[in-house]
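1. Quick one, fold the following:
(2 chains)
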Amino acid sequence: GDSVTQTEGQVALSEEDFLTIHCNYSASGYPTLFWYVQYPGEGPQLLFRASRDKEKGSSRGFEATYDKGTTSFHLRKASVQESDSAVYYCALSDRRNSGGSNYKLTFGKGTLLTVTP
Amino acid sequence: AQTIHQWPVAEIKAVGSPLSLGCTIKGKSSPNLYWYWQATGGTLQQLFYSITVGQVESVVQLNLSASRPKDDQFILSTEKLLLSHSGFYLCAWSLPRLEVFFGKGTRLTVV
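-> Predicted coordinates:
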């Protein structure tokens, strides 16, 4: 079945540091890839998505590029702020498993980002 | 604007007791609805989905059931809670093939 692997369980940075969170996926079809952010006590919020190879998604200074060759969608931000502290989830939706009815998202385990001033 | 409201915000329940969680979506007609579950410190797992009133499909069997009595309402329930049911329950909606939007969730603690 489909799966998403996030390498980092926790990342601790200082403000203005560069952020990378690694995401690799496995899917039988051609998935759409997402990054979600979850703040404490809240539901996940969509950061952005990408649907095609080499497509770049971006929002709020975060970006990731869909790479079908390496099956990756790594999240990056050039300069993090304390307000970026949250849990980040990489997710996919495989079009073959989402045939007009269940738009099922498969999530990675999440990465807790803590940014200190 | 679309709003999604989940209730209750948090519950502490005894093992073996019944449970009913709900959510309401306003501002969208005939959305797809979903229940997700997040164990403490764990990832999100889809439990149920519904594309129309009265029709609910189970994705994972966790001794829970779901119903969609109205177009804008989705209910998650069980007659007998287990310790393993503890976690964070999220209701979500989407239009077909578009982004999924999540509610704020219900924190369930089974003791």
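2. Now do the phi/psi pair for the closest residue to chain A within chain B.
-> Taking C-beta to the nearest C-beta, chain A has its nearest neighbour within chain B at residue B:102, 3.2 Å off. All C-beta spots, glycine's among them, are computed from the backbone N, C-alpha and C. Main-chain dihedrals, residue B:102, degrees, to the nearest 10: phi -100, psi 150.
3. what number of residues lie near it?
-> Neighbour count for residue B:102, taken as other C-beta atoms under 10 Å in any protein chain shown: 24.
4. On the three-state scheme, the residue nearest to it when sequence neighbours are not counted is what?
-> With sequence-adjacent residues excluded and distances taken as C-beta to C-beta, 6 or more residues apart in numbering or on different chains, residue B:102 is closest to residue A:43, at 3.2 Å. Under DSSP: H, G, I helix; E, B strand; the rest coil, the three-state class of residue A:43 is coil.
5. And residue A:43, how close does it get to residue B:107?
-> Per C-beta to C-beta, to the nearest Å, residue A:43 is found 12 Å from residue B:107.
6. Between these two, tell me which one has more neighbours.
-> Remark: of residue A:43 and residue B:107, residue A:43 carries more neighbours, 22 against 17, as counted by other C-beta under 10 Å.
7. Could you pull up the residues touching that one?
-> Shown in contact with residue A:43 (C-beta atoms under 8 Å, 6 or more residues apart in numbering or on different chains): B:90, B:92, B:102, B:103, B:104, B:105.
8. Could you rerun that using 6 Å?
-> Counting by C-beta atoms under 6 Å, 6 or more residues apart in numbering or on different chains, residue A:43 touches B:90, B:102, B:103, B:104, B:105.
9. doesn't residue B:91 make contact with residue B:105?
-> No - counting by C-beta atoms under 6 Å, residue B:105 does not reach residue B:91; the two are 7.9 Å apart.
10. neighbour-wise, which of these two wins?
-> Legend: neighbour count by other C-beta under 10 Å for residue B:105 and residue B:91, higher for residue B:91 (30 against 25).
11. Could you list the paired strands of the helix or strand encompassing that one along with their orientation?
-> Assigned by DSSP states H and E, residue B:91 belongs to strand B:87-94. Sheet partners assigned to strand B:87-94 using DSSP bridges are listed as strand B:32-38 (antiparallel), strand B:101-102 (antiparallel), strand B:106-110 (antiparallel).
12. Can you list the buried residues in stretch B:14-28?
-> Buried residues in stretch B:14-28, counted by 16 or more other C-beta atoms under 10 Å in any protein chain shown: B:19, B:21, B:22, B:23, B:25, B:28.
13. Give me every residue in chain B lying close to chain A.
-> Contact residues, chain B versus chain A (C-beta under 6 Å from any C-beta of the partner chain): B:43-44, B:46, B:49, B:51, B:90, B:94, B:96, B:99-100, B:102-105.
14. where along chain A do the strands fall?
-> Along chain A, the segments classed as strands by DSSP state E run A:3-6, A:10-14, A:19-21, A:23-26, A:31-38, A:45-50, A:56-59, A:62-65, A:75-77, A:86-94, A:106-107, A:111-116.
15. Ok, which of those strands comes nearest residue B:73?
-> strand A:45-50 (22.6 Å; C-beta to C-beta).
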